[in-house]
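> Got a predicted structure plus its sequence, pasted below:
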Amino acid sequence: MSTPASVTFDYLIHAAAHELPEADQALLQAAHDAALRAYARYSNFQVGAALRMRDGRVVTGSNQENASYPAGTCAERTALHAAMSQDPDGIGDTMAIVVPSVTGERPVTPCGICRQALLEQEIRQQGAPLRLLMAVPNGPVYEVRRASHLLPLAFDASFLKG
Ligand code: THU
């Protein structure tokens, strides 16, 4: 017997950043600024992330590349892990992700490894949602209510229990 199954999630497409609250606009600007501090000499693809914690603190990150390509890290994990190593009990509220060089209608969305790391963070903060804002500069902003929506049927610690 085969049982059909599906996973869906809702997200918002804002036509422009100015439709968002000011705090979110500032977070997107912080992500844009962070991208300009990327070390992206191999891909020349600068990515910035800005994570606002529940207490209002903002921690930014950018991609940091390496001549041994897999040793590089993405902007999202740079910001997330910096924030959590400074405050291990911190609760992430919203992460903004911006690639200044991207144009068009589709913002850059996190890679698979970063989705896994962001999912882990939601588990770490007892399921409190980590919202994502992904923007094309001067273009649309995608809003995802919780990071784990981007990783259906994910691997998590429950599998490790054997
Ligand atoms: N990158 C990020 O920092 N975040 C993403 O969401 C996608 C990819 C980085 C990794 C690498 O330094 C460069 O962008 C090209 O893949």
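Nice, thanks for sending it over. Residues are numbered from 1 along each chain as shown.
> hang on, residue 50 packs against residue 96?
Yes. Using Cβ atoms under 8 Å, residue 50 makes contact with residue 96 at a distance of 4.7 Å. Using the backbone N, CA and C atoms, a C-beta is placed for each residue, glycine as well.
> all strands in the protein, in order from the N-terminus.
11-14, 48-53, 58-62, 92-98, 131-135, 141-144 (DSSP state E).
> Contact residues of the chain facing the ligand?
Residues of the chain lying close to the ligand by Cβ under 6 Å from any ligand atom are 40, 43, 45, 47, 63, 65, 72, 74-76, 108, 110-111, 114.
> Pull out the buried members of those.
40, 47, 63, 65, 72, 74-76, 108, 110, 114 (16 or more other Cβ atoms under 10 Å).
> So which of residue 50 and residue 96 has more stuff around it?
residue 96 (30 against 27; other Cβ atoms under 10 Å).
> Out of the buried ones among the residues of the chain next to the ligand, which sit inside helices?
75-76, 114 (DSSP state H).
> ok, those vs the ligand, which is closest?
Proximity of these to the ligand (Cβ to the nearest ligand atom) peaks at residue 75, which lies at 3.9 Å.
> ok, the nearest residue to residue 18 once chain neighbours are set aside - how many residues close by?
Counting by Cβ to Cβ, 6 or more residues apart in numbering, residue 18 lies nearest to residue 25, which is 6.7 Å off, once chain neighbours are set aside. For residue 25, the neighbour count with other Cβ under 10 Å is 18.
> Run through the residues that contact residue 62.
When contacts are counted by Cβ atoms under 8 Å, 6 or more residues apart in numbering, residue 62 touches 34-40, 46-49, 75, 78.
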